[in-house]
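Participant: quick one, fold the following:
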Amino acid sequence: MKINKNGEQKGAALQRHFNNSDELCEYIADLCGGVGLLAFSRGKDSVVAWLKMKRYFKRIVPYFLYPIPPKPMTFEEESLKYYEDYFGTHIIRMSHPSIDGFWIDGTYASPVSYGVVIEAMKSGLIFNSTYADANYMIKNIMPDMEKAYQASGVRSADSINRYSSIKKNGSVNHKEKTWFPVYDYKIDDMLRELREAKIKLPKDYLWFGRTYDGIDYRFTSVLKEVSPIDYEQVIKAFPLVEADIKRMEFRKEYYENKKT
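Facilitator: As a prediction, this is how the structure comes out:
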């Protein structure tokens, strides 16, 4: 495959569909000069995506978007350090784009905390950022990553919507410069990769059945019990989360009593 100085394929349209993920990885590594970004959630899919990319890329820059400001929570940081040691690579920590959206919408905000948000919005400190902004920021401070595509652990088998989307649009988006290195992996493939690599998953899976991903009752009620210090970080960012927990507990108690 011939690549021009702008990292674009010459003589043919950029390819979007592949026979398998190995073919895809080889293609993207060639297209991007062996460098790649990885949106690393700490979940099994992103861990296996990293393992897969290691076979084809000479340099991988992973980044983690923490969902609760001002930094990763203690259990998140613990796993990030584990993966840094395992892969021998620094993981960039950045705030998740959803944080600004929650604050702007006043999610679980008290009158006082929302007043602070309004002032921050007026000064431009808070705005609706996106995943594309995260990629832009990294490439802005790392010029050698300018041609890199951003990988994520999206798989066709995750849902019918993802299956339909990848079948129709392919496993790489050249406009957005995103791609899915394990798009064709089934759960058995994931388990095989994890077992052969002898790599651990974060404690999130024991607590939530998946990685931490939100400020709703599914996560906050558990976090309050298993990691009070991290729950306090949630409360500082979203003061009325406690009210949501109380509301859900009341609903559960109400419907249980109603059954009897």
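Participant: all contacts plus neighbour counts: C-alpha atoms, from now on.
Facilitator: OK.
Participant: contacting residues for Phe219?
Facilitator: By C-alpha atoms under 8 Å, 6 or more residues apart in numbering, the contact set of Phe219 is 208, 212-213.
Participant: what do you get for Ile60?
Facilitator: By C-alpha under 8 Å, 6+ apart, the neighbours of Ile60 are 35-38, 53-54.
Participant: ok, now which ones touch the nearest residue to Tyr149 once chain neighbours are set aside?
Facilitator: Distance criterion C-alpha to C-alpha, 6 or more residues apart in numbering; nearest residue to Tyr149, sequence neighbours excluded, is Lys177 at 4.7 Å. Each residue near Lys177 by C-alpha under 8 Å, 6+ apart is listed here: 148-150.
Participant: ok, and the most crowded of the residues you listed?
Facilitator: In terms of neighbour count, Ala148 stands highest of the contacts of Lys177 at 26 neighbours, by other C-alpha atoms under 10 Å.
Participant: quick check, it in contact with Val35.
Facilitator: Yes - if you go by C-alpha atoms under 8 Å, Ala148 and Val35 touch, sitting 5.7 Å apart.
Participant: now the chain, which segments are flagged as low pLDDT?
Facilitator: 1-12, 127, 260 (pLDDT under 70).
Participant: show me which strand runs longest in it.
Facilitator: strand 59-66 (DSSP state E).
Participant: tell me the neighbouring strands of that one, and mark each as parallel or antiparallel.
Facilitator: Strand pairing for strand 59-66, using DSSP bridges, gives strand 35-39 (parallel), strand 92-95 (parallel).
Participant: return the most buried member of those strands.
Facilitator: Most buried of those by mean neighbour count (mean count of other C-alpha atoms under 10 Å) is strand 35-39; its value is a mean of 24.
Participant: got a list of contacts for that strand?
Facilitator: 29, 46, 50, 57-65, 145, 147-152.
Participant: re earlier: out of the contacts of Lys177, which is nearest to Val117?
Facilitator: Using C-alpha to C-alpha, Gln150 comes nearest to Val117 of the contacts of Lys177, at 30.9 Å.
Participant: hang on, isn't Phe40 packed against Glu76?
Facilitator: No - contact status for Phe40 versus Glu76: not in contact, 11.7 Å apart, counting by C-alpha under 8 Å.
Participant: give me the more crowded residue out of those two.
Facilitator: Taking neighbours as other C-alpha under 10 Å, Phe40 and Glu76 compare with Phe40 leading, 24 against 21.
Participant: contacting residues for that one?
Facilitator: Residues near Phe40 by C-alpha under 8 Å, 6+ apart: 46-47, 62-65, 152.
Participant: looking at these, state which has the most neighbours.
Facilitator: That'd be Ser152 among the contacts of Phe40, by other C-alpha under 10 Å, with 24 neighbours.
Participant: just the helices in the stretch 1-150 of the chain please.
Facilitator: Counting by DSSP state H, counting those that start in this stretch, one finds helices in the stretch 1-150 of the chain at the ranges 21-31, 44-53, 74-87, 97-105, 111-122, 131-141.
Participant: among the ones you listed, which comes closest to Val226?
Facilitator: Of all those, helix 74-87 comes closest under C-alpha to C-alpha, at 10.4 Å.
Participant: kindly calculate the angle that that closest one makes with strand 59-66.
Facilitator: Counting by axes from the mean of the first three to the mean of the last three C-alpha atoms, to 10 degrees, helix 74-87 points 170 degrees away from the direction of strand 59-66.
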